[in-house]
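> next input, structure requested:
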Amino acid sequence: MGMIIMVKLYEESTDSFTLSFGGNNEIDAMLLASTMNDLVNILQQITYEIEPESFIKLTVTSFRPGSFNIDIKAIVNYFKNLLNKDNLEMASKILGILLACFQIKKHLKGDKPKSVEYKEDKSVITNSAGEQLIEDKRCAEIYFKNNKIDKNITNIFNVMVHCGDRDNLTIIHNNKNNVIAIHKDEFQDMATEIVKPEDNIEKTLTNTIETNLLLKKPDLLGNSKWGFIFDKSIEATIKDEQWLHKVHTGKIKLYAGVKIPVKLLIECDYDEFMNPISTRYTVLEVTGDIIEPDEQQELQ
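Residues are numbered from 1 along each chain as shown. Take a look at the predicted model:
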C-alpha cells in the first residue's frame, strides 16, 4: 500500500478584534448577519490588495455581555514561499487597515474629500469642512482605489439606520490600542456612498520599460494573469503569444524564483487629485532567456 503524504501549502497569520454594537444585549439577526457579511467582504478586498495570493476568513470566538460584543479572530492563509516577517504580521496589518478605512469614512462626514495628498508614506485627507486627517498612505490608496470598501461600509450603516436601536458601532483592535467608534448621530453620514466608480479615473498615464521580472506564480496551461515581484507583488497579462505557446507545450521550463526579461507596459490611473488609484501591467514581449537563481547571484 502506498503512503499518503500531506503537504502543508499555506502558513497562517492570525489576530483578533472585537465588534461592539452599543445598546441592548440582544441584536437584530439581520443587522448582525449583514454586518458580518460586509466585514468579510471588506477584509477580503484589503487582503487582496496587500497580497493577492492570500485569503482571509473570520471565526467568532465568543459573545460577551455589555451592549452586544463579539470577539472575532481573523485568519490569513498565504503560500509558504511568501514566508517573511511582514507576512507573519499580515493579519494585524489587515485589521489596522480595516479600522483606518472606517476612520477615513468617518472623517469625510458623508461628502467627497476636498483634497487627498500623498507625502512619502503618509496621506493627508482634507474633508469638505477643511479638517485634515493624516493616515498611512497605503490605507488611503486602498480606500479610494475603488468603491467596494466604501460601498460595504455604507451597507453596514444603512442597516444600522434602518434598525434604529443601536447607540454606536465600535471596533477594537490591538488590545484596545486601536479603536474606532461610530456614534448614532454619525450613522447617516456613514450610510452615504462617497467613492463612486464613475468618479474615480481622471487620467491614465502609460510607460513601457525593459526589466527582469521575478516569477512568483506562472499559468502553465491557461491564459490567466501571472504573478510576479516588481518592487511588490503584481499580476500581469502576457501578450507574447509565441513565448506562451512554448511554455504551454513544455519547450520552456519555468518555476517560481526565476527571472524573466520582458518589455513591460505599465498603465496607471489617477484620480482628480492626480493620486494613483490603480495600475495594470502587461508583458508585451519576453526579450530573452529566463535567468536562473544562480545566474541572478552572478549578476549581482
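> could you use CA atoms for every contact and neighbour count after this?
Will do.
> what about stretch 222-241, start to end distance?
Across its full length, stretch 222-241 reaches 12 Å between end residues, using C-alpha to C-alpha, to the nearest Å.
> quick check: buried residues in the strand or helix carrying residue 41?
Take DSSP states H and E as the rule and residue 41 turns out to sit in helix 29-50. Buried residues in helix 29-50, counted by 16 or more other C-alpha atoms under 10 Å: 31, 34-35, 38-47, 49-50.
> low-confidence ranges in the stretch 101-250 of the chain?
197-201 (pLDDT under 70).
> ok so, going back, tell me what the helix holding residue 41 is packed against?
strand 55-65, helix 90-108, helix 148-163 (3 or more C-alpha pairs under 8 Å, 6 or more residues apart in numbering; DSSP states H and E).
> dump those to TSV, plus distance to residue 138 and mean neighbour count.
Output for these, formatted as TSV (distance: least, C-alpha to C-alpha, whole Å; neighbours: other C-alpha atoms under 10 Å):
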stretch	distance to residue 138	mean neighbour count
strand 55-65	19	14
helix 90-108	8	21
helix 148-163	14	20
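> just grab the bridge partners of residue 262 for me.
Residue 262 has these beta-bridge partners by DSSP bridges: residue 211, residue 286.
> pLDDT score assigned to it?
Residue 262 carries a pLDDT value of 96.
> out of the buried residues of helix 29-50, which one sits closest to residue 95?
Distance to residue 95 across the buried residues of helix 29-50 (C-alpha to C-alpha) is lowest for residue 43, with 7.7 Å.
> would you agree that closest one is in contact with residue 101?
No. Judged on C-alpha atoms under 8 Å, residue 43 makes no contact with residue 101 at a distance of 10.6 Å.
> any idea what sits nearest residue 26, other than its immediate chain neighbours?
Leaving aside its chain neighbours, residue 26 sits nearest to residue 68 (6.5 Å; criterion: C-alpha to C-alpha, 6 or more residues apart in numbering).
> for residue 188, same thing?
residue 161 (6.8 Å).
> can you map out the strands along the protein?
Assigned by DSSP state E, the strands in the chain fall at 10-23, 55-65, 68-79, 115-119, 122-126, 132-136, 166-173, 178-183, 203-217, 226-230, 232-238, 259-270, 276-286.
> CA atoms of stretch 279-296 as CSV?
C-alpha atoms of stretch 279-296 as CSV (Å, rounded to 0.1, in the frame of the first residue of the first chain):
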residue,chain,number,x,y,z
THR,A,279,-2.2,50.1,-12.0
ARG,A,280,-2.3,47.5,-14.8
TYR,A,281,0.7,45.5,-16.0
THR,A,282,1.1,43.9,-19.4
VAL,A,283,4.1,41.9,-20.7
LEU,A,284,4.3,42.9,-24.3
GLU,A,285,7.3,40.7,-25.2
VAL,A,286,9.7,38.3,-23.5
THR,A,287,13.0,39.6,-24.6
GLY,A,288,15.5,36.9,-23.6
ASP,A,289,16.1,33.6,-21.9
ILE,A,290,15.0,33.0,-18.3
ILE,A,291,17.5,33.8,-15.6
GLU,A,292,18.1,31.0,-13.1
PRO,A,293,18.6,31.9,-9.4
ASP,A,294,22.3,31.1,-9.5
GLU,A,295,22.7,33.4,-12.5
GLN,A,296,21.0,36.1,-10.6
